[in-house]
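Engineer: Fold the stuff below for me.
(one chain, ligands or ions: 3)
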Amino acid sequence: MYFLLFYTIGTIIQGTISKIDGRTYSVIIGGNAREVICSLRGRLNHDFRMKRDKRFALDVAVVGDDVEVLMQQDGSGVITEVLPRKNFLSRKAAKIKGAGYRGERLEQIICSNLSKFYIIVSVDFPLFNNKTLDRFLVTGEVNKLDTSIIVNKMDLNSGGIMEEFIELYREIGYEVFPVSTKSKKGLKQLYSSLLGNRSAFWGNSGVGKSSLLNALFSDLNLVVGDISFSTNKGKHTTVNVSMFSFEEENKVTQVIDTPGIREIEPYGVKKEDLGHYFPDFVSFINKCKYNTCTHEHEPGCAVAEAVENGFIDPMRYDSYLKLLETIESDMFF
Ligand SMILES: Nc1nc2c(ncn2[C@@H]2O[C@H](COP(=O)(O)OP(=O)(O)O)[C@@H](O)[C@H]2O)c(=O)[nH]1
Ligand SMILES: [Mg+2]
Ligand SMILES: [Zn+2]
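Structural biologist: Ligands and ions are numbered 1, 2, ... in the order given. This next block holds a predicted model:
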């Protein structure tokens, strides 16, 4: 029966979800050779309906998912299978009435199968904030993603304030790309790092994500200065994510842009585990007197001692304490 269906309706091909609009899924086949407009079928559709009440339907299939598509006569497709995710970027979902128990926070998957995760900040407009960056770095670590930092608008670094930070994050082990779409500084290095990979870009509105993508990929013509999140007002669970795919230098390079996402808070972090997501703390954590140490005020804390002795940067420790507070205020995570 299934065999018959296979031949009369169409063949099954493999592709990757590049965009989701309501219940319509764009799937690209073979790099960016072909795009097929798809819907969900069967069990997946059932999952979608089950989750609709909680409004987490987008988690059933997300941008970056490799899928199997059953081709239809009219050239459209039906997604029959979502292949296992190698990894994904997720966040604590917004608080929603009726979603789970009182105080419970759910995990929302934003995109999947990333070889790299780039956090984009700007020197100014909006002003660089190391605490914000540290929070996003934790999100990358929690999701076990290969996380790097792009510092855009380096042309505005007149006082040279960024050098200290760039050095700090490089010492911790993060790759840092100081760039300027205006002066074209650092764009070549960034392009080489992206080439042949599937990467996700995350950054606050205004840091220059669209400008950067336009500067890196000449085919693109994204609107700069577009406040795309305003169209998403109130739709907390809608993730306005799309994947751009390029075939250049015989390689498929893909970048997932996340223009509609204003906040990413890491999901599933316990107080006593937070320190593990600060790579510069890790070598000290085992030396704390108590193995449940939260490195806040406990006696014999090796992390606090390392801050005192200049082995851990006090700014990082401040970020850590700030994040620890936000975890405490959540009943569940
Ligand atoms: N000075 C300076 N401004 C930039 C740079 N890159 C982007 N911008 C400006 O920053 C603003 C926001 O850029 P946009 O790409 O829309 O940011 P997005 O919201 O992250 O996509 C625009 O006015 C851009 O012209 C840069 O390297 N230097
Ligand atoms: Mg933009
Ligand atoms: Zn400690």
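Engineer: Going by C-alpha atoms from here, please, whenever you check contacts or count neighbours.
Structural biologist: Noted.
Engineer: Next one: the nearest residue to residue 301 once chain neighbours are set aside relative to ligand 1, how far apart?
Structural biologist: Among residues not flanking residue 301 along the chain, residue 288 sits closest, at 4.6 Å (C-alpha to C-alpha, 6 or more residues apart in numbering). Distance, residue 288 to ligand 1, by C-alpha to the nearest ligand atom, to the nearest Å: 40 Å.
Engineer: residues contacting residue 288?
Structural biologist: Taking C-alpha atoms under 8 Å, 6 or more residues apart in numbering, we find residue 288 in contact with 300, 301, 302, 303.
Engineer: mind listing what's buried in stretch 141-149?
Structural biologist: Neighbour-count burial for stretch 141-149, counted by 16 or more other C-alpha atoms under 10 Å, picks out 141, 142, 143, 145, 147, 148, 149.
Engineer: Counting only helices, which of those residues make the cut?
Structural biologist: Under the assignment DSSP state H, the buried residues of stretch 141-149 contribute 141, 142 to helices.
Engineer: Tell me the one among the buried residues of stretch 141-149 nearest to ligand 1.
Structural biologist: Using C-alpha to the nearest ligand atom, residue 149 is the member of those that sits closest to ligand 1, with 14.0 Å.
Engineer: hey, where'd the helices end up in the stretch 1-150 of the chain?
Structural biologist: Along the stretch 1-150 of the chain, the segments classed as helices by DSSP state H, counting those that start in this stretch run 2-8, 42-52, 130-142.
Engineer: how much space between the closest residue to ligand 3 within the stretch 101-250 of the chain and residue 279?
Structural biologist: Of all residues in the stretch 101-250 of the chain, residue 138 sits closest to ligand 3, at 17.7 Å by C-alpha to the ion. Distance from residue 138 to residue 279, counting by C-alpha to C-alpha, to the nearest Å: 9 Å.
Engineer: Counting neighbours, go ahead and name the busier of the two.
Structural biologist: Between residue 138 and residue 279, counted using other C-alpha atoms under 10 Å, the more crowded position is residue 138 (24 against 15).
Engineer: Can you name the residues that contact the more buried one?
Structural biologist: Neighbour list for residue 138: 266, 277, 278 [criterion: C-alpha under 8 Å, 6+ apart].
Engineer: Give me the packing partners of the helix ranked longest in the chain, helices and strands only.
Structural biologist: Using DSSP H, we find that the single longest helix of the chain is helix 314-328. Secondary-structure packing of helix 314-328 (3 or more C-alpha pairs under 8 Å, 6 or more residues apart in numbering; DSSP states H and E): helix 130-142.
Engineer: what about 7 Å?
Structural biologist: Using 3 or more C-alpha pairs under 7 Å, 6 or more residues apart in numbering; DSSP states H and E as the contact test, no helix or strand touches helix 314-328.
Engineer: neighbours of residue 24, just the number please.
Structural biologist: Residue 24: 12 neighbours (other C-alpha under 10 Å).
Engineer: That one bridge partners, please.
Structural biologist: As for beta bridges, residue 24 partners with residue 21 under DSSP bridges.
Engineer: Which residue lies nearest the spatial centre of the chain?
Structural biologist: Note on the chain: the residue nearest the mean C-alpha position is residue 89, at 4.5 Å, using C-alpha atoms, centre = their mean.
Engineer: Can you show me the strands along this protein?
Structural biologist: 12-21, 24-29, 34-40, 66-71, 77-82, 88-92, 107-112, 116-122, 147-152, 175-178, 198-203, 242-248, 251-257 (DSSP state E).
Engineer: Any regions of this structure where pLDDT drops low?
Structural biologist: Within the chain, the stretches with pLDDT under 70 are 1-9, 31-32, 42-43, 45-58, 95-105, 226-239, 260, 328-333.
Engineer: Domain parsing of it, as residue ranges.
Structural biologist: Here the domain parsing of the chain from automatic domain parsing is 2-84, 92-257, 271-328.
Engineer: does any part of stretch 178-195 sit near ligand 1?
Structural biologist: Yes - counting by C-alpha under 6 Å from any ligand atom, ligand 1 has neighbours in stretch 178-195: 180, 181, 182.
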